[in-house]
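Enquirer: here is a sequence with its predicted model. Questions after.
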Amino acid sequence: MSTNSSKLNSVLPSLPKSLTGIKGLDEITRGGLPLNRPTLICGPAGCGKTLFSMEFLVHGARDFNEPGVFMAFEEKTEELALNVASLGFDLNELRNNNMIRLDHVHIERSEIEETGEYDLDGLFIRLAHAIDTIGARRVVLDTLESLFSGLNNQGVIRAELRRLFEWLKEKKVTTIITAEKGEGTLTRHGLEEYVSDCVILLDHRVANKISTRLLRIVKYRGSVHGTNEYPFLIEDDGISVIPVTSLTLSHVASFERITSGIPALDVMLGGKGFFRGSSILVSGTAGTGKTSIAGSFANQTCLNGERCIYFAFEESPQQIIRNTLSIGITLQDHLDKDLLRFHASRPTLNGLEMHLFSINKLVNDFQPSVVILDPITNLITVGSVSEVKSVLIRLIDFLQSRNVTVMFTALAMNDNIGEQSDESISSLVDAWLLVRDIELNGERNRGMYVMKSRGMKHSNKVREFVISDKGLNLIDLYLGPEGVLTGSAREKQQLAEKTVHVLRDNAIQRKDREISRKRTVLESRIASLKEEFESLQEEMNKSYIEEEIRKEVLEQNLREFTEGTDNNQQL
């Protein structure tokens, strides 16, 4: 069914669209605003309607070679040019090049009330002249309420609105019409949204003294579009919208491993560290070294020649740099090489959606391989636990879709592992490190667990986490006669056992020397007995040899005597 659907979609014609050039909006609208059709931009005062419309015109003239007409019914042209100059838009230059035409139309409400008659023929003539003069392809009318400010006849308003929209379509211009939000309706008259082909609602909300601007596409005839609310920012370079709420679980899982910056921790993680593009949670009570772990990870990332963004919600960058110096880490060098960037702010600076948007924007601009958020528990001050969880889920999905490794630190409010929730994201992350206090013998030391690490072998042991001026290290918890020992108790027991080993070695050496001496004495006695035996053997052999010699001499004499006798007889 999905194959047939994709084939059908490839055959069906798509609605022609006009790119806005506004960051993120063209992605949400699948290509921009409907070409040669009117689009209604509505919302309360201060939500950014005029700026939105002006940026649409400027990008059209500057980036797409499409001249535009901006017809204002409230602000004068000089005021418009001055207002958008702070965003880097030089309207005067574009006007001199006949790429933009600004026109201010003053409508006197009393004149409409006095005559009792109303139509837009005069507007059509004036607007047609402006369009034809520069060959405009884009038009903005700001704002619609001013055209009907003195009318109460809904029939006339409906008829003139319809006539206006049809006239704009006949002129084949892509148009934005702005309108003020009404009570319970998208516009004050409640009619404009029905005759518009595309309706975009801008909103500016304030909750807990924190403001957030949001954009929603209410309707879009003939086109698929994003239907969620999307946060947007108005910054020095204009409007930016990122579709952070439309992410899907389609990212590729990497098999590449990256070091944590702590060799002993890498050993606990199968000897290779984390997966690239994974999410890591480091949680623990206050003072257990979460920021030190994050700083070590950032340092190792930069030492490898990769980029890292550190989002700090508690400490300033200079505080973090100073504090990490005490453990032998110099982050300032990485800042100087533009491998490391800090973004430090209190969570109350923005709402959750705006924090999410800012992170997305900075990641897209800097293109890091590692992102650190320290700590995420501070976000609870600007939203509920469920809202924080929702934002973090979308953040994890966004970063993993770009193969960016993210490390969160979280403050645990208790020391009970079973109750450890860590803003309910411990089940979402790929690896979870828990750092806890271990209080023994009047001392407070630290222990680290690898609670989970998806897709790899990892240690199930608790390791003592040691922070010193030489850096971070993990050592095996020491099991002494009285149980698990840490800190000075471990060192004392190790010293005692070392002393026992030294004494035992000394005793063994003494025994070896004694044995050597006894061996020497015995060997000497054996040599003496051997000489005595050889002397006795020689003495015994002496008598035997003499007897043999005597016997040989007698036999020789006897032979000689016998031979002499035989000779005499012959004679």
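Expert: Received it, and whenever you're ready, just let me know what you need. Here the structure is a predicted model, which means the values were calculated and not measured.

Enquirer: host element of residue 390?
Expert: helix 385-401 (DSSP states H and E).

Enquirer: name the next helix or strand downstream of that helix, please.
Expert: Using DSSP H and E, the next helix or strand after helix 385-401 towards the C-terminus is strand 405-411.

Enquirer: what is the mean pLDDT for that following strand?
Expert: Computed over strand 405-411, the mean pLDDT rounds to 92.

Enquirer: which strands and helices sit next to the helix holding residue 390?
Expert: strand 279-284, helix 352-366, strand 405-411 (3 or more C-beta pairs under 8 Å, 6 or more residues apart in numbering; DSSP states H and E). C-beta: built from backbone N, CA, C; applies to glycine.

Enquirer: switch to 6 Å and redo it
Expert: helix 352-366 (3 or more C-beta pairs under 6 Å, 6 or more residues apart in numbering; DSSP states H and E).

Enquirer: returning to that earlier point: what are the buried residues along the helix holding residue 390?
Expert: Buried positions in helix 385-401, judged by neighbour count with 16 or more other C-beta atoms under 10 Å: 388-392, 394-400.

Enquirer: also stretch 329-341?
Expert: 329, 331, 334-335, 339-341.

Enquirer: do the same with stretch 23-36
Expert: Applying 16+ other C-beta under 10 Å to stretch 23-36 flags 23-26, 28-29, 31-34, 36 as buried.

Enquirer: can you pull the contacts of the nearest residue to residue 208 once chain neighbours are set aside?
Expert: Once flanking residues are discounted, residue 208 sits nearest to residue 382: 6.6 Å by C-beta to C-beta, 6 or more residues apart in numbering. Counting by C-beta atoms under 6 Å, 6 or more residues apart in numbering, residue 382 touches 210, 347-348, 351-352.

Enquirer: out of the buried residues of stretch 23-36, list just those in strands.
Expert: 33-34 (DSSP state E).

Enquirer: what's the closest of the buried residues of stretch 23-36 to residue 164?
Expert: residue 36 (14.8 Å; C-beta to C-beta).

Enquirer: you'd agree that closest one is up against residue 172?
Expert: Yes. Counting by C-beta atoms under 6 Å, residue 36 touches residue 172, with 4.5 Å between them.

Enquirer: for residue 255, phi and psi?
Expert: phi -100, psi 0 (degrees, to the nearest 10).

Enquirer: before we move on, what about the one 5 residues further on?
Expert: In this entry, residue 260 is assigned phi and psi values of phi -80, psi -10 (degrees, to the nearest 10).

Enquirer: picking up where we left off before, narrow the buried residues of stretch 23-36 to those in helices?
Expert: 25-26, 28 (DSSP state H).

Enquirer: and of those residues, the nearest to residue 55?
Expert: Distances from residue 55 to these, taken by C-beta to C-beta, are shortest for residue 25, at 9.5 Å.

Enquirer: the residue lying closest to that closest one once chain neighbours are set aside: what's it in contact with?
Expert: Once flanking residues are discounted, residue 25 sits nearest to residue 241: 5.0 Å by C-beta to C-beta, 6+ apart. Contacts for residue 241 (C-beta under 6 Å, 6+ apart) come out as 24-25, 215, 230, 232.

Enquirer: tell me how far residue 241 lies from residue 355.
Expert: The gap separating residue 241 from residue 355 is 16 Å, by C-beta to C-beta, to the nearest Å.

Enquirer: from the rest of the structure, what touches stretch 271-288?
Expert: Stretch 271-288 is contacted by residues 254, 256-260, 266, 290, 293, 396, 400, 403, 405-410, 412, 415, 422, 426, 429-435, 437, 446 when judged by C-beta under 6 Å, 6+ apart.

Enquirer: assumed residue 511 was part of a helix.
Expert: Yes. Counting by DSSP: H, G, I helix; E, B strand; the rest coil, residue 511 is located in a helix.

Enquirer: can you pull out the helices in the stretch 51-200 of the chain?
Expert: Assigned by DSSP state H, counting those that start in this stretch, the stretch 51-200 of the chain shows helices spanning 77-85, 91-96, 109-115, 121-134, 154-170, 192-195.
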